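In: how does the following fold in three dimensions:
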Amino acid sequence: MDNRCKVLKLQIQALADGEIETFDDENLSNIFNHLSNCRECRSQYTATMRLKDTIKVKGDNPPPKEWFEQLEKKRSNKIMRRMGYFLVIIPYILLIGFGLNELFFNSGDNIIVKVSITTIIFGFLILFGITITGRIKELKTDKYKEIMK
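Out: This is a model prediction of the structure:
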């Protein structure tokens, strides 16, 4: 696939979706010329059109009622999962804070023990933060996030 194919890929997809009113005559002629000369883009276009025809024929039937019920369960499961994460992480943070408070202010332990434990805890927190920020960046750049699982 050359650069021309990459540039026209979205336009060819729009043409397959029937959005030709957004194109002027020159743009349409460029797309059709490219489709007539590029075998790879032409085969992709025809495969897309065949898929659209198949979906159109089979898509006349609405989804069953169970499908909507499962969709609602998935949404509620997502909300419950987020609440669960929140309810697990917050007590851990509170316990770490309480432990550090007890270690530094109510304990007679050696300073080396205090510094070591604090360093380990902050190390875990840094690793956790790096993991979370990496996951957030990955979600923002994931080109497949619009596809349902």
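In: all helices of this structure, in order?
Out: Under the criterion DSSP state H, the chain contains helices at 3-16, 25-37, 39-58, 65-105, 111-141.
In: the longest one to helix 111-141, inter-axis angle?
Out: Calculated by axes from the mean of the first three to the mean of the last three CA atoms, to 10 degrees, helix 65-105 forms an angle of 150 degrees with helix 111-141.
In: then the first one?
Out: Helix 3-16 and helix 111-141 meet at an angle of 70 degrees, taking the same axes, to 10 degrees as the criterion.
In: need the per-residue pLDDT for the residue of the chain most remote from its centre.
Out: Distance from the C-alpha centroid of the chain, by CA atoms, centre = their mean, peaks at G108 (49.1 Å). For G108, the pLDDT comes out at 75.
In: would you turn the helices of the chain into TSV with mean neighbour count?
Out: C-beta here means a position set from N, CA and C on the backbone, and glycine is covered the same way. Converted to TSV, the helices of the chain look like this (neighbours: other CB atoms under 10 Å):
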stretch	mean neighbour count
helix 3-16	14
helix 25-37	13
helix 39-58	12
helix 65-105	11
helix 111-141	11
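In: want to throw these into a markdown table with mean pLDDT?
Out: A markdown table is the format used below for those (pLDDT from 0 to 100):
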| stretch | mean pLDDT |
| --- | --- |
| helix 3-16 | 78 |
| helix 25-37 | 82 |
| helix 39-58 | 81 |
| helix 65-105 | 80 |
| helix 111-141 | 85 |
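In: do you know how far Y85 is from K78?
Out: 11 Å (CB to CB, to the nearest Å).
In: check A16 too.
Out: In terms of CB to CB, A16 sits 32 Å off from K78.
In: kindly report the same for S29.
Out: Applying CB to CB to S29 and K78 gives a distance of 47 Å.
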